[in-house]
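Participant: give the three-dimensional model of this entry:
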Amino acid sequence: MAKQKYERNKPHVNIGTIGHVDHGKTSLTAAITKFFGNFVSY
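Facilitator: This next block holds a predicted model:
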């Protein structure tokens, strides 16, 4: 029996990070945000 195809149509993704202190979680998050983020001037 075939399963129904899952449609990925949401414009966002949730990413969780787990790691010890000083292992680069904040640096990784900043790099991802800078690369994929859209700057909005308020």
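
Participant: how about the nearest residue to the residue nearest to the spatial centre of the chain, chain neighbours excluded?
Facilitator: Geometric centre of the chain, nearest residue: residue 15, 4.2 Å, by Cα atoms, centre = their mean. In this structure, residue 15 finds its nearest non-sequential neighbour in residue 32, 7.0 Å apart by Cβ to Cβ, 6 or more residues apart in numbering. Every C-beta, even on glycine, is put in place using the N, C-alpha and C of the backbone.

Participant: could you list the low-pLDDT ranges of this structure?
Facilitator: 1 (pLDDT under 70).

Participant: helix or strand: which one has residue 34?
Facilitator: helix 25-36 (DSSP states H and E).

Participant: likewise residue 40?
Facilitator: Applying DSSP H and E, one finds residue 40 in no helix or strand.

Participant: how many residues are close by it?
Facilitator: 5 (other Cβ atoms under 10 Å).

Participant: phi, psi of it?
Facilitator: phi -120, psi 120 (degrees, to the nearest 10).
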